[in-house]
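**Student:** Okay, here's the prediction I keep looking at, along with the sequence it came from:
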Amino acid sequence: MHLTQATLQIGGSKVEIDGFYESHRVACEAYAHVGPLKFGQSRKLATDVLKLAMVDKHLGQGCRKIIVVAGTEAYAWLTGKCWQAGAVREFGIEVMRVELPPNIHAKVLATQALQFR
């Protein structure tokens, strides 16, 4: 399966999706942050949950919804006990964690360090 970025028109708004495969009804959001989550980062993940629920409703429900994360902290937050994790379960969103190759992991950490200066 090959997902590509897509822009969907939903209710007069443009919705950017990180990965989309229309014929297989798959929508995916990706989150590469590694390490502890700050408030804004958890808010971004919550926004992705809402976006995937909106796409699912627009497509007539029943699409496969996936959030892919690189960090263990993001995975734990999305699958934990907070209400946002409850929304993930309620909306049937899959949470997948990927192990980044060492060179990509290093680049993500370097980019994150630049962002917080």
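**Tutor:** That came through fine.

**Student:** Find the helix or strand that Gly62 is a member of.
**Tutor:** Under the criterion DSSP states H and E, no helix or strand holds Gly62.

**Student:** Confirm for me that it is in contact with Arg25.
**Tutor:** Yes - counting by CB atoms under 8 Å, Arg25 is a contact partner of Gly62 at 6.7 Å. No exception for glycine: its C-beta is placed from N, CA and C like everyone else's.

**Student:** the more surrounded of the two?
**Tutor:** Neighbour totals were compared for Gly62 and Arg25, and Arg25 leads with 16 against 9 (other CB atoms under 10 Å).

**Student:** Once you drop chain neighbours, what's closest to the more buried one?
**Tutor:** Cys63 (4.0 Å; CB to CB, 6 or more residues apart in numbering).

**Student:** For that neighbour, report the pLDDT, please.
**Tutor:** Per-residue pLDDT puts Cys63 at 93.

**Student:** shift numbering so it begins at 813
**Tutor:** Sure, I'll start counting at 813 from here, so that last one is Cys875.

**Student:** so who does it touch?
**Tutor:** Neighbouring residues of Cys875 by CB atoms under 8 Å, 6 or more residues apart in numbering: 837-839, 867-868.

**Student:** what do you get for Met866?
**Tutor:** 822, 827.

**Student:** mind listing what Met908 touches?
**Tutor:** 878-881.

**Student:** so what's it bridging to?
**Tutor:** Here Met908 sits in beta bridges with Val880, as judged by DSSP bridges.

**Student:** just checking, what packs against the longest strand belonging to the chain?
**Tutor:** As assigned by DSSP state E, the longest strand anywhere in the chain is strand 825-833. Packing contacts for strand 825-833, counted by 3 or more CB pairs under 8 Å, 6 or more residues apart in numbering; DSSP states H and E, involve strand 816-822, strand 838-843, helix 851-870.
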